[in-house]
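Undergrad: Here is a sequence with its predicted model. Questions after.
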Amino acid sequence: MFFTQYYLDCLSQASYMIADENSGRAVVVDPRRDISEYLADAGARGFTVVGVINTHFHADFVAGHLEMAARTGAWIGYGRRAETEYPVRHLSEGDMISLGDVSLEIMETPGHTPESISVLVREHARDSVPYGVLTGDALFIGDVGRPDLLASSGITAEELGAMLYDSVQNKLMGLPDAVRVFPAHGAGSACGKNLSSEKQSTIGQQRATNYACAPMSREDFVAMVTAGRSAAPGYFAHDADLNRRERALHDPSTAPRPLTVEEVLVRRDEGAVVIDARDPQEFGAGHLRGSVNVPADGRFAELAGTVLSPADELLVIAPQNREEEIVTRLARIGFDRVGGYLRGPDDALAAAADEVTRASRLTVAQLREALDRDEPPLVIDVRNCGERQAHGQIDQALHIPLGELPSRTGEIDRDRPVVLHCAGGHRSSIAASLLRHHGHRDVSDVLGGYGAWAAASS
């Protein structure tokens, strides 16, 4: 058997290829939209990809099922409750998929979404103990999938939480301890709240260590998995919907168009959004007025999708020679309206000095001095709920998690100075640039974030 995990750190997203090395038949599970790595591996080993399975309608990325089907002729599989605009193979509890001696068995594990499935993998069809189980977003390492993403669709978190209880406590915990657990996400994903950085585990380890796998009542389980959830990034609903649709295929050969600074300024003034992917220090030292800073190093795609809209035309300012990477990472979350990138950003910004501005970034000492004034600034904490509970907070700080900021900018007084902070200064640069983009004039963020504040206070 050939079994491999493909892990995308910036989205904490895992996909898989399983193949029978004798028959050469392969299935890819939860592929991302840029599929070259799967095709290269299959080609190098002489595999034929016969099927593509999505464990559910993903909300945090655009899956590559349509691209894989177009390139390989593979069927597309979903749980039986899935409704799509394209032909699919509906998979139900107990369905078997034979790849030769290697076989896959479907488990219906709703709760994160109604159509969610897990995939049992057997290296030999007659094995009594499966090699592993691909759990999608039903069971993570250290957590379970959040059940609150479909509230706007008329399904409550409590209803899905009750489904998830049965899926986790009865079905998945009913598997032998030795079965390996391969989830669709790891630490950092907004699809859960307590995910481990481990990429795989076992049923036995999760039974012993995962808070949601301990024996408990349905009521206690539902209360636990629905509590303390931060708002999902704004693009999640867009991606979940896009994954149901017959959409345009991702074409990696279509290179982004280089733009002069004059072209960027004209498009910006016509309503395009300039997304500057340089690090906060470079951005702070000088950027085009109105730009939104989302640094490339880190969770770029998720954060871009948190503060921007897929309806926006985007103009990219990227670190040198990383333009295509940035465009690909935007495409992974369905942000396809990229109008081009600024060619030679350092020289271009130097040539447009009248349109370049600096960002105000305060030290902790400067913030303390400002707070002691008769008219102190409004301090906004953009961390998640769990971070505040675990690490503390600045007195009187207004809490607006970054994921909620785009819809709550109207709550912030435009005439009052604003200072934003996160944990270390990365997300606060994004938040401050977003407020400036929306017309707030006196906006700063805190160097070193709450970590620096807490260290200075100890």
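TA: Everything's here; your move.
Undergrad: Every contact and neighbour count from this point should use C-alpha atoms.
TA: Will do.
Undergrad: Show me where the stretch 251-400 of the chain has its helices.
TA: Along the stretch 251-400 of the chain, counting by DSSP state H, counting those that start in this stretch, helices occupy 261-269, 280-285, 300-307, 323-331, 345-351, 364-371, 385-391.
Undergrad: Which of the ones you listed has the highest mean neighbour count?
TA: Among these, helix 300-307 has the highest mean neighbour count (mean count of other C-alpha atoms under 10 Å), at a mean of 23.
Undergrad: export that helix as CSV, just CAs?
TA: Extracted in CSV, the C-alpha atoms of helix 300-307 (Å, rounded to 0.1, in the frame of the first residue of the first chain):
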residue,chain,number,x,y,z
PHE,A,300,-1.4,34.5,4.9
ALA,A,301,-4.4,33.0,3.1
GLU,A,302,-6.6,32.6,6.2
LEU,A,303,-5.8,36.1,7.4
ALA,A,304,-6.4,37.6,3.9
GLY,A,305,-9.7,35.9,3.8
THR,A,306,-10.5,37.2,7.3
VAL,A,307,-10.2,40.9,6.5
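Undergrad: Counting by contacts, list what that helix packs against.
TA: In terms of contacts (3 or more C-alpha pairs under 8 Å, 6 or more residues apart in numbering; DSSP states H and E), helix 300-307 is packed against helix 323-331, helix 405-408.
Undergrad: I'd like those laid out as JSON lines, including mean pLDDT and distance to residue 387.
TA: Formatted as JSON lines, these follow (pLDDT from 0 to 100; distance: least, C-alpha to C-alpha, whole Å):
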{"stretch": "helix 323-331", "mean pLDDT": "94", "distance to residue 387": "26"}
{"stretch": "helix 405-408", "mean pLDDT": "94", "distance to residue 387": "17"}
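Undergrad: what residues are up against residue 144?
TA: By C-alpha atoms under 8 Å, 6 or more residues apart in numbering, residue 144 lies in contact with 137-138, 192, 212, 225.
Undergrad: With residue 396 as the reference, measure out to it.
TA: 33 Å (C-alpha to C-alpha, to the nearest Å).
Undergrad: give the contact list for residue 275.
TA: 291-294, 314-317.
Undergrad: Write down the beta-bridge partners of it, one by one.
TA: residue 292, residue 316 (DSSP bridges).
Undergrad: Model confidence score at it, please.
TA: Listed pLDDT for residue 275 reads 98.
Undergrad: still on that earlier bit, of the helices of the stretch 251-400 of the chain, which approaches residue 414 most closely?
TA: helix 364-371 (17.5 Å; C-alpha to C-alpha).
Undergrad: Which neighbouring elements make contact with the closest one?
TA: Taking 3+ C-alpha pairs under 8 Å, 6+ apart as the contact cut, helix 364-371 packs with helix 449-457.
Undergrad: pLDDT check: weakest of the contacts of residue 144?
TA: residue 192 (54).
Undergrad: where exactly do the strands run in the stretch 51-200 of the chain?
TA: 75-79, 89-91, 96-98, 103-108, 117-122, 132-136, 180-183 (DSSP state E, counting those that start in this stretch).
Undergrad: the inter-axis angle of the fifth one versus strand 75-79?
TA: With axes from the mean of the first three to the mean of the last three C-alpha atoms, to 10 degrees defining the directions, strand 117-122 sits at 110 degrees from strand 75-79.
Undergrad: Show the contacting residues for the closest residue to residue 60 other than its chain neighbours.
TA: Take residue 60 and drop its neighbours on the chain: the residue closest to it by C-alpha to C-alpha, 6 or more residues apart in numbering is residue 236, 5.4 Å away. Applying C-alpha under 8 Å, 6+ apart to residue 236 gives the contacts 59-61.
Undergrad: cool, and residue 83?
TA: Here residue 83 is in contact with residue 244 (C-alpha under 8 Å, 6+ apart).
Undergrad: hmm, back to that, relative to residue 167, which of the strands of the stretch 51-200 of the chain is closest?
TA: strand 103-108 (7.6 Å).
Undergrad: Sheet partners, orientation included, of that closest one?
TA: With DSSP bridges as the test, strand 103-108 pairs up with strand 96-98 (antiparallel), strand 117-122 (antiparallel).
Undergrad: Mind putting those strands into a markdown table with mean neighbour count and distance to residue 379?
TA: Listed next are those as a markdown table, based on neighbours: other C-alpha atoms under 10 Å; distance: least, C-alpha to C-alpha, whole Å:
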| stretch | mean neighbour count | distance to residue 379 |
| --- | --- | --- |
| strand 96-98 | 16 | 56 |
| strand 117-122 | 26 | 44 |
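Undergrad: So for residue 403, which of those strands sits nearest?
TA: Nearest of the strands paired with strand 103-108 to residue 403, taken as C-alpha to C-alpha: strand 117-122 at 27.9 Å.
Undergrad: can you put the helices and strands packed on helix 300-307 in TSV and add distance to residue 8?
TA: Output for the helices and strands packed on helix 300-307, formatted as TSV (distance: least, C-alpha to C-alpha, whole Å):
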stretch	distance to residue 8
helix 323-331	11
helix 405-408	26
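Undergrad: The helix or strand hosting residue 6 vs strand 117-122, what angle?
TA: If you go by DSSP states H and E, residue 6 is part of strand 2-8. Put simply, strand 2-8 runs at 140 degrees to strand 117-122, going by the same axes, to 10 degrees.
Undergrad: Would you mind pulling up the elements that strand 2-8 packs against?
TA: strand 13-19.
Undergrad: Please parse this structure into its domains.
TA: 2-242, 258-357, 360-457 (automatic domain parsing).
Undergrad: that older thread, using JSON lines, lay out the strands of the stretch 51-200 of the chain together with distance to residue 44.
TA: Output for the strands of the stretch 51-200 of the chain, formatted as JSON lines (distance: least, C-alpha to C-alpha, whole Å):
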{"stretch": "strand 75-79", "distance to residue 44": "21"}
{"stretch": "strand 89-91", "distance to residue 44": "27"}
{"stretch": "strand 96-98", "distance to residue 44": "22"}
{"stretch": "strand 103-108", "distance to residue 44": "22"}
{"stretch": "strand 117-122", "distance to residue 44": "23"}
{"stretch": "strand 132-136", "distance to residue 44": "24"}
{"stretch": "strand 180-183", "distance to residue 44": "24"}
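Undergrad: Figure out which of those strands is closest to residue 285.
TA: Nearest to residue 285, of the strands of the stretch 51-200 of the chain and by C-alpha to C-alpha, is strand 180-183 at 40.9 Å.
Undergrad: from the chain's centre, how far out does the closest one sit?
TA: With C-alpha atoms, centre = their mean, to the nearest Å as the basis, strand 180-183 stands 19 Å off its chain's centre.
Undergrad: after that strand comes which helix or strand?
TA: Using DSSP H and E, the first helix or strand after strand 180-183 is strand 201-202.
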